[in-house]
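In: Any chance you can model this:
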Amino acid sequence: MAISGGPAETSTRHDRSAPELDRVERLADALRVTWKDGEAATFHFVWLRDNCLCEICGDPVIGKKDFRIVMMPVDIAPSAVEMASPTGLRVEWSNDGHVSHFESRFLRDHSYEEDARRARRFQPTLWDRAYLKVPPSRPYDEASGSDAAFYDALSTVREYGLCFLTGAPVEVGVLESFASRIGYIQENNFGRIQELTVDPAKRSVAFSDRRLVPHNDEPYRASPPGILLFHCIETCPEGGGQSEFVDAFKVAELLRQEDPEGFEVLASQRQAFRRHFDGDVDLQAEFPVISLDEFGSLAGVRINDRVAAPLSIAHQHVVPFYRAYHRLLELTGRADLTIARTLQPGDVAIFDNHRILHGRTGFDLKGRRWLRWAQVERGDFFSTLRVLEDKLGAPREDRRMLRGAYS
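Out: Numbering: from 1, shown residues only. As a prediction, the model looks like this:
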């Protein structure tokens, strides 16, 4: 049974915010909806009943649902279906007579056809030569004083994984204020804010003057730090201690092109990570080095062999794993894929720890190098982006996020 609408209207009042329906076909356990532009999607009865938007059932779009799945039979079916308007669908349910209304825009936005799900995934821009030569930098006073400039800086982080701010006040408290605009500052065993200076009493290499090869922070946590912020207070006068940044997604894609089988091993086999300070913490996690989404696109990485625990995978994967990981780490050390920058007092670096590797060159202790470090959860980062998009009227298509290193 198919229910058809009338001819397409020429008026512009039905724009993309309300795509017109063409017909609705009833299948054995679903409705097949076709729009006048030729797009089509199938919605199962059980999905439609679960996502009723009426005042009685709640609003699943904003996360408020009063209707619960256990309140309906799984084999639920409608007793009546009609196109109530060119952009609206009315469904009456056979089990209790409840009536649900669905706007065509809602159905289009939440289609779970494979093409629709692919289109909704966020695919960030990989670094190219132009980005490496002139990475994005924004004035701090603009990013901190204007919603539009703040949104621009955060959008740059989402798109490229890294953005620099310049000219921030060289004062304690500035980092906390700016980071808190992005989201709640997360505290860990190092504290709420880390003061990155040379301190031999501390057990992390981050507090030494040694070189740090590019890496992700804290992959030994079930949920590694999300968005990291470095605020430079003092710079080593001898010129050492350059900060280094690498787009691990670019590196991983190079490995995929060069060695598809090795890439697959790093994406499918779990590496154990551990950080153990006796009497303080014993953090352990086991995840793939490369995390992918359901379509095989990069979602996050955990690259830090300094905190790798003994590998425990099936025999046939051990040598291929080490071979691929060896090559991946070689690629992360390529100078032509690295942004090397001496952060100056007042500079702020904001980056996605699930994508961007960071490190530094060694330096001489004749002077002092002082960076202040804070972290914000990625979910809060993307929440702030969405709120700013609503406030500034940015397109809905921009409301996507990378899943992160959680495979």
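In: list the buried ones in whichever helix in the chain runs longest?
Out: Longest helix in the chain, counting residues (DSSP state H): helix 315-332. Residues Pro320, Phe321, Ala324, Tyr325, Arg327, Leu328, Leu329, Leu331, Thr332 are the ones in helix 315-332 that count as buried (16 or more other Cβ atoms under 10 Å). The way it works is simple: take the backbone N, C-alpha and C, and place the C-beta from them, glycine included.
In: ok, the helix or strand following that helix: who's next to it in the sheet?
Out: Note on helix 315-332: by DSSP states H and E, the next helix or strand toward the C-terminus is strand 338-341. Applying DSSP bridges to the sheet, strand 338-341 is found paired with strand 243-247 (antiparallel).
In: for the record, mean pLDDT for the strand it pairs with?
Out: For strand 243-247, the mean pLDDT works out to 97.
In: Kindly report the same for stretch 35-45.
Out: What stretch 35-45 shows for mean pLDDT is 97.
In: returning to that earlier point: packing partners of the longest helix of the chain?
Out: helix 248-258, helix 260-268 (3 or more Cβ pairs under 8 Å, 6 or more residues apart in numbering; DSSP states H and E).
In: most neighbours per residue, which of those?
Out: helix 248-258 (a mean of 20; mean count of other Cβ atoms under 10 Å).
In: follow-up on the earlier one: can you give me the angle the longest helix of the chain makes with strand 243-247?
Out: Between helix 315-332 and strand 243-247, the angle comes out at 130 degrees (axes from the mean of the first three to the mean of the last three Cα atoms, to 10 degrees).
In: For the stretch 51-200 of the chain, which segments count as strands?
Out: For the stretch 51-200 of the chain, the strands defined by DSSP state E, counting those that start in this stretch cover 58-59, 64-65, 78-85, 88-93, 99-103, 137-139, 162-166, 194-196.
In: got the domain boundaries for the protein?
Out: 2-120, 129-398 (automatic domain parsing).
In: buried residues in stretch 42-61?
Out: So for stretch 42-61, counting by 16+ other Cβ under 10 Å, buried means Phe43, Phe45, Val46, Leu48, Arg49, Asp50, Asn51, Cys52, Cys57, Gly58.
In: tell me which of those is nearest to Ala314?
Out: Within those, distances to Ala314 taken as Cβ to Cβ reach their minimum at Val46, with 38.4 Å.
In: contacting residues around the closest one?
Out: Asp29, Met72, Val74, Asp75, Ile76 (Cβ atoms under 8 Å, 6 or more residues apart in numbering).
In: cutoff 7 Å now
Out: Contacts here follow Cβ atoms under 7 Å, 6 or more residues apart in numbering; on that basis Val46 touches Val74, Ile76.
In: what sits against the residue nearest to His44 when sequence neighbours are not counted?
Out: With sequence-adjacent residues excluded and distances taken as Cβ to Cβ, 6 or more residues apart in numbering, His44 is closest to Ala30, at 4.4 Å. Taking Cβ under 7 Å, 6+ apart, we find Ala30 in contact with Thr42, Phe43, His44, Phe45.
In: Poorly predicted segments of the stretch 251-400 of the chain, please.
Out: 363-367, 396-400 (pLDDT under 70).
In: And the stretch 1-150 of the chain, by the same measure?
Out: For the stretch 1-150 of the chain, applying pLDDT under 70 flags the ranges 1-17.
In: Find the nearest non-adjacent residue to Arg32, please.
Out: Distances taken as Cβ to Cβ, 6+ apart put Glu25 closest to Arg32, at 4.2 Å, once the chain neighbours are dropped.
In: so the one you found, which of the three states?
Out: Look at Glu25: counting by DSSP: H, G, I helix; E, B strand; the rest coil, its state is strand.
In: List the buried residues of stretch 117-127.
Out: Buried residues in stretch 117-127 (16+ other Cβ under 10 Å): Phe122, Pro124, Leu126, Trp127.
In: Kindly apply the preceding question to stretch 152-163 instead.
Out: Asp152, Ala153, Leu154, Ser155, Thr156, Val157, Arg158, Tyr160, Gly161, Leu162, Cys163.
In: That'll do, ta.
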